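Visitor: Next one to model:
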Amino acid sequence: AAMGILFGKKRKRGEDDQENKHQHKITDKDKAVLDLKRQKIKMKNYKSRINAMLEKEVKMAKQLIKQKKKKKALLVLKKKKYLETLVVRTDKALLNVEKLVDSIEYASMQKQIFEAMKAGNECLQQINSEISVEEVEQLMEDTEEAIAYQDQVSNILAGSLSNEDVSDVNEELAQLEKEDAELRALELENQLPEAPATKKDVQQQVDDDQKVPVVQEASKDSSRNKRQVVLQ
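Guide: From the prediction side, this is the model:
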């Protein structure tokens with residue numbers, strides 16, 4: 001009887017082990033959720049670098065406009081716009097994956113989830129390649145290698161931006177040119193001497209100028225009189 005109880009307990013433990021293994025088995029949905037979390041963390045880490053890159057590209061465009069290099073400034077702004085659209089596309093892709101994973105009909109939508117996850121990964125890879133400071137700085141240089149890189153970027157962007165995107169870029173360029181012109185005008189204005197506002201001010205200035213030699217002459221006459229007094 002004791003042996004029966006013992007073997008019975010062993011069988012119970014075995015059943016429990018099987019049940020625990022079944023409970024801890026990682027499903028495809030668990031993997032999808034984990035992959036989604038990884039993508040979100042990666043995107044969050046990219047965001048600070050992306051914002052820094054966008055600010056840098058605006059400064060570069062302003063500098064190029066100041067140097068009268070409009071073509072290069074336009075290319076920098078196009079690259080900036082491409083990065084912005086890439087961020088929006090990635091956010092949408094990750095949101096789509098999240099909705100699919102949370103769906104009750106998960107089992108029948110695994111192919112769609114796989115495609116959405118793949119799209120998200122591709123967007124993240126593109127973002128990673130676009131936030132290289134060294135490559136962006138090549139857009140300002142005039143070396144033969146830099147010019148070849150600029151032509152390559154220009155060709156890539158030509159097929160990556162919509163007409164609406166290009167219109168937005170042209171508007172941003174026009175705005176930066178306007179700001180540059182206003183700044184130049186202000187700097188020029190500050191360099192000019194102040195002119196009298198009215199005729200009265202002009203006359204007053206003339207009178208003030210004429211008073212100086214009179215005072216000096218009077219001073220000379222006074223000196224002469226003093227000398228004469230001493231001589232007498």
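Visitor: which SSE is the nearest residue to residue 78 once chain neighbours are set aside in?
Guide: The shortest distance from residue 78 to any non-neighbouring residue, by Cβ to Cβ, 6 or more residues apart in numbering, is to residue 157 (4.8 Å). Quick note: C-beta positions are derived from backbone N, CA and C, even for glycine. Secondary structure from DSSP states H and E places residue 157 in helix 144-158.
Visitor: next SSE after that helix?
Guide: Next along the chain after helix 144-158, taking DSSP H and E as the criterion, comes helix 163-191.
Visitor: List the buried residues in that next one.
Guide: By neighbour count with 16 or more other Cβ atoms under 10 Å, helix 163-191 contains the buried residues 165, 168, 169, 172, 173, 176, 180.
Visitor: Reformat those residues as a markdown table; add distance to residue 113.
Guide: As requested, these are arranged in a markdown table below (distance: Cβ to Cβ, whole Å):
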| residue | distance to residue 113 |
| --- | --- |
| 165 | 29 |
| 168 | 33 |
| 169 | 35 |
| 172 | 37 |
| 173 | 41 |
| 176 | 42 |
| 180 | 49 |
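Visitor: Now the two most distant members of those.
Guide: When the buried residues of helix 163-191 are compared pair by pair using Cβ to Cβ, the two farthest from each other are 165 and 180, 22.7 Å apart.
Visitor: Would you mind pulling up the elements that the helix with the most length in the chain packs against?
Guide: For the chain, the longest helix by residue count, based on DSSP state H, is helix 28-66. On a contact count with 3 or more Cβ pairs under 8 Å, 6 or more residues apart in numbering; DSSP states H and E, helix 28-66 meets helix 70-101, helix 110-130, helix 133-137, helix 163-191.
Visitor: That one relative to helix 70-101, how many degrees between them?
Guide: 170 degrees (axes from the mean of the first three to the mean of the last three Cα atoms, to 10 degrees).
Visitor: among the helices and strands packed on helix 28-66, where is the model least confident on average?
Guide: The stretch with the lowest average pLDDT out of the helices and strands packed on helix 28-66 is helix 133-137, scoring a mean of 70.
Visitor: Roughly how far does the closest residue to residue 172 other than its chain neighbours sit from residue 84?
Guide: Nearest non-adjacent residue to residue 172, counting by Cβ to Cβ, 6+ apart: residue 77, 5.5 Å away. Residue 77 is 10 Å from residue 84, where distance means Cβ to Cβ, to the nearest Å.
Visitor: can you check residue 59 too?
Guide: Relative to residue 84, residue 59 is positioned 16 Å away (Cβ to Cβ).
Visitor: And those two? Which one has more around it.
Guide: residue 84 (15 against 10; other Cβ atoms under 10 Å).
Visitor: ok, now which ones touch that one?
Guide: Listed by Cβ atoms under 8 Å, 6 or more residues apart in numbering, the contact partners of residue 84 are residue 54.
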